[in-house]
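J.: Got a predicted model here, sequence first, then my questions.
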Amino acid sequence: MSTPPLTLALADQLLRPAFGSRRSPDRVFDRIAVEAGEAKGDGRFVDDFRSLLGWWAKAENLTPVGWQSAQAFVRRHLANRARVRGLIAEHPEIEREPIDKPVFVVGLPRTATTVTHAVLSLSREHRSPLLWELLAPDLELPPRKRRKRVTAGRRMVQGTNLFAPRFRDIHPMAAEGPEECTFALPHALMPLSQALIPEYVAWYRERDFVEDYRYLKQVFQVLQYGRPRRRWILKSPLHLGNLDALHRVFPDATIVWCHRDPVTAVASFCSLIEHGMTVSTRPLDLHGIGATWFALLSRAMERGLRARAALPREALVDAPYSWLAAEPATGAPKLYAAVGARWGDAEAARLAGAVARPKGTRPHRYDLARYGLTRAEVETAFAQYNALRAEVDRA
């Protein structure tokens, strides 16, 4: 990696006096927990985040900005959990809100899941969670409070773009745009995009995610309560390894599985992780990024293929990369038909904006070898998936 931006170097210097608190993560966590609040009966949930912060504090080459980011991540999830559970305690009818026939866009990262999500979000009959909503799920807010939440989301995006300028070229975000629902899923893999945390990887591999998806459903119920009911359009590549838990909680969900050559997808994603992680970890262990995420993604694919075999065929939609990446004008109507949605002139008129890259973004270049990986080992690990992909391309 090149030298970090001056703004990031200055931020690290400003935060260095507080960096020593990394040696006392329990004390830091206690303060965060008091600030965030705790819902009744949520002790286990809180303890899991205490463990995460402790492991994160020990991450190799963590920077002062990285330590502040770790605390912010934990604080956000604890505060959101307390708010969501508190709202449900106050309004029990929230849990009766139907989340009918949601669509989940999944697949390996960098397989056009983002553009697929954006295209499905074009319909006025669909509802996608916006980034600012996922950062702080709540009921309908008064205009002033809503503006404050949107502004907080914009600042988060601006901070990312300021500290990691190339990240915007790879995965542009907007506070008021559709975003991955894993921002609200508490025990996802997102911490591993900021630091290499082997203890969390081991913990994650043993976790039963059903309770996490039940909580995610509560988040959507809160966001729907008192508002017009529309079909939810949700997305995250990180759902791939938990399709069994997802289907158990959302049994009538449609799964849109995006497909692309895994050699390209893995290389592109490692590059994305590199550019994002440089904000929190320096110097970077590029081969560590490759080894960690190659293992996580290959495991997610194995689990996804196993869960896929048990899903009803009508619940699955396979979306080849060419549908939207190469031929959106013909691919978008196919996608809508496949999920049982109406494609009309209004959606067609807005399609170009949904698939266009933001102005000023630069081409994204990447190479497996940079991360200590080879084409042969990726193709071997994803051989079963490549057989499926060949079937999808022939269909």
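T.: It's in.
J.: excluding its backbone neighbours, what's nearest Leu8?
T.: Phe163 (4.5 Å; CB to CB, 6 or more residues apart in numbering). Bear in mind the C-beta positions are built from the backbone N, C-alpha and C, glycine included.
J.: The one you found and Asp47: what is the separation?
T.: Remark: distance between Phe163 and Asp47 (CB to CB, to the nearest Å) = 31 Å.
J.: Relative to Val210, how far out is the residue nearest to Leu8?
T.: Phe163 is 36 Å from Val210, by CB to CB.
J.: same deal with Arg27?
T.: For Arg27 relative to Val210 (CB to CB), the value is 33 Å.
J.: just Arg16 next, same as before
T.: The value you get for Arg16 to Val210, if CB to CB is used, is 42 Å.
J.: how many neighbours does Leu14 have?
T.: Per other CB atoms under 10 Å, the neighbour tally for Leu14 reads 12.
J.: mind listing what it touches?
T.: Pro64 (CB atoms under 8 Å, 6 or more residues apart in numbering).
J.: again, only this time at 10 Å
T.: By CB atoms under 10 Å, 6 or more residues apart in numbering, the contact set of Leu14 is Pro64, Val65, Gln68.
J.: before we move on, what about Arg155?
T.: Leu162, Ala175.
J.: Find the helix or strand that it is a member of.
T.: helix 143-163 (DSSP states H and E).
J.: if you skip the residues just before and after it, what's nearest to Leu108?
T.: Nearest one to Leu108, counting by CB to CB, 6+ apart, is Ala265 at 4.4 Å.
J.: what's the angle from the helix or strand harbouring the one you found to helix 143-163?
T.: Under the criterion of DSSP H and E, Ala265 resides in helix 262-277. With axes from the mean of the first three to the mean of the last three CA atoms, to 10 degrees as the basis, helix 262-277 and helix 143-163 are set at 100 degrees to each other.
J.: Who are the packing partners of helix 262-277?
T.: helix 143-163, helix 167-170, helix 286-310, helix 375-381, helix 383-394 (3 or more CB pairs under 10 Å, 6 or more residues apart in numbering; DSSP states H and E).
J.: Which of those helices sits closest to Arg342?
T.: helix 383-394 (24.3 Å; CB to CB).
J.: quick one: buried residues of that closest one?
T.: Buried residues in helix 383-394, counted by 16 or more other CB atoms under 10 Å: Tyr385, Asn386, Leu388, Arg389.
J.: For my notes, please list those in CSV and give pLDDT and distance to Val34 for each entry.
T.: Below are the buried residues of helix 383-394 laid out as CSV (pLDDT from 0 to 100; distance: CB to CB, whole Å):
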residue, pLDDT, distance to Val34
Tyr385, 98, 46
Asn386, 98, 51
Leu388, 98, 49
Arg389, 97, 50
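J.: okay, the helix holding Arg155 in CSV with CA atoms only?
T.: Output of helix 143-163 as CSV, limited to C-alpha atoms (Å, rounded to 0.1, in the frame of the first residue of the first chain):
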residue,chain,number,x,y,z
PRO,A,143,-38.1,15.9,10.4
ARG,A,144,-35.3,17.5,12.5
LYS,A,145,-34.3,14.2,14.1
ARG,A,146,-34.4,12.5,10.7
ARG,A,147,-32.1,15.1,9.2
LYS,A,148,-29.6,14.5,12.1
ARG,A,149,-29.6,10.7,11.3
VAL,A,150,-29.1,11.3,7.6
THR,A,151,-26.3,13.7,8.4
ALA,A,152,-24.6,11.1,10.6
GLY,A,153,-24.8,8.7,7.7
ARG,A,154,-23.3,11.2,5.3
ARG,A,155,-20.4,11.8,7.7
MET,A,156,-19.7,8.1,7.9
VAL,A,157,-19.5,7.9,4.1
GLN,A,158,-17.5,11.1,3.9
GLY,A,159,-15.0,9.8,6.5
THR,A,160,-14.6,6.5,4.6
ASN,A,161,-14.0,8.4,1.3
LEU,A,162,-11.6,10.8,3.0
PHE,A,163,-9.5,8.2,4.8
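J.: I'd like the average pLDDT over that helix.
T.: Mean per-residue pLDDT for helix 143-163: 96.
J.: again with stretch 318-336
T.: 93.
J.: mind checking how far it is from the chain centre?
T.: How far stretch 318-336 lies from its chain's middle: 22 Å, per CA atoms, centre = their mean, to the nearest Å.
J.: buried stuff in that stretch?
T.: For stretch 318-336, by 16+ other CB under 10 Å, it's 318-321, 323-325, 328, 331-333, 335-336.
J.: Now intersect the residues you listed with the strands, please.
T.: Asp318, Ala319, Pro320 (DSSP state E).
J.: of those residues, closest to Ala59?
T.: So of those, ranked by how close each gets to Ala59 (CB to CB), first place is Ala319, at 35.4 Å.
J.: in the sheet, who's paired with the closest one?
T.: For Ala319, the beta-bridge partners are Cys258 (DSSP bridges).
J.: For it, give me its contacts.
T.: For Ala319, counting by CB under 10 Å, 6+ apart, the contacting residues are 105-107, 111-113, 116, 119, 256-260, 325, 331, 334-335, 338-339, 392.
J.: Arg229 now?
T.: Contacts of Arg229 by CB under 10 Å, 6+ apart are Glu97, Pro98, Ile99, Asp100, Arg127.
J.: Helix, strand, or coil at it?
T.: In three-state terms, and counting by DSSP: H, G, I helix; E, B strand; the rest coil, Arg229 is coil.
J.: circling back: comparing Arg27 and Val210, which residue is more hemmed in?
T.: Val210 (14 against 10).
J.: quick revisit: could the buried residues of stretch 318-336 be laid out in CSV, adding distance to Lys40?
T.: Shown next, in CSV, are the buried residues of stretch 318-336 (distance: CB to CB, whole Å):
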residue, distance to Lys40
Asp318, 43
Ala319, 42
Pro320, 48
Tyr321, 47
Trp323, 47
Leu324, 45
Ala325, 47
Pro328, 48
Gly331, 48
Ala332, 46
Pro333, 49
Leu335, 43
Tyr336, 43
